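*Asks:* Would you be able to build a 3D model of this:
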Amino acid sequence: MLNKSNFICKQCGKCCKAYTVKLSGSDIERIKKAGYKKEDFAEKDDFDVTTGKYALKRENNQCMFLIQDDDKYFCQIYENRPEICRKYPFFEKEDIESCEPSIKK
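*Replies:* Numbering: from 1, shown residues only. Below you'll find the model as predicted:
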């Protein structure tokens with residue numbers, strides 16, 4: 001079992017390809033302080049357009065901040081990444097068998 005104390009990211013990038021990342025106000029402010037303009041990284045959340053909430057933009061079916069170097073993936077804003085990314089993969093459970101995203105049908 002994996003938990004926060006023994007988890008080591010494999011840098012496969014699957015989490016950054018599978019999910020739309022919803023942004024909180026503090027996430028937006030943190031990324032803006034890193035030098036990005038809100039309109040360049042945030043878009044209205046398609047699933048909840050009426051509330052005015054935002055999600056990270058996606059390009060080519062993945063997070064816009066995901067970059068590849070050989071067979072490893074990296075986050076361009078790692079130190080300023082959204083809170084949900086900081087918690088992944090432990091936002092639902094404390095112990096997990098795999099960090100790979102599960103696709104719910």
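
*Asks:* what packs against the lengthiest helix in the chain?
*Replies:* Assignment by DSSP state H gives helix 25-33 as the longest helix of the chain. Applying 3 or more CB pairs under 8 Å, 6 or more residues apart in numbering; DSSP states H and E, we find helix 25-33 packed against helix 38-41. C-betas here are computed from N, CA, C, even on glycine.

*Asks:* which residues are in contact with the very next helix or strand once past the helix it packs on?
*Replies:* Downstream of helix 38-41, the next assigned helix or strand under DSSP states H and E is strand 42-44. Strand 42-44 is contacted from outside by Leu23, Ile28, Ile31, Gly52, Lys53, Tyr54, Ala55, Leu56, Lys57, using CB atoms under 8 Å, 6 or more residues apart in numbering.

*Asks:* Off-centre distance for strand 42-44?
*Replies:* Per CA atoms, centre = their mean, to the nearest Å, the displacement of strand 42-44 from the mean C-alpha position of its chain is 14 Å.

*Asks:* do stretch 84-96 as well
*Replies:* Per CA atoms, centre = their mean, the centroid offset for stretch 84-96 relative to its chain is 12 Å.

*Asks:* In terms of helices and strands, where is Lys17?
*Replies:* helix 14-18.

*Asks:* continuing past that helix, what's the next helix or strand?
*Replies:* Next along from helix 14-18, by DSSP H and E: strand 22-23.

*Asks:* And the strands in this structure?
*Replies:* Using DSSP state E, the strands of the chain run over residues 22-23, 42-44, 54-56, 58-59, 62-63, 66-69, 72-75.

*Asks:* would JSON lines of those with mean pLDDT be doable?
*Replies:* JSON lines is the format used below for these (pLDDT from 0 to 100):
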{"stretch": "strand 22-23", "mean pLDDT": "93"}
{"stretch": "strand 42-44", "mean pLDDT": "92"}
{"stretch": "strand 54-56", "mean pLDDT": "94"}
{"stretch": "strand 58-59", "mean pLDDT": "95"}
{"stretch": "strand 62-63", "mean pLDDT": "96"}
{"stretch": "strand 66-69", "mean pLDDT": "96"}
{"stretch": "strand 72-75", "mean pLDDT": "97"}
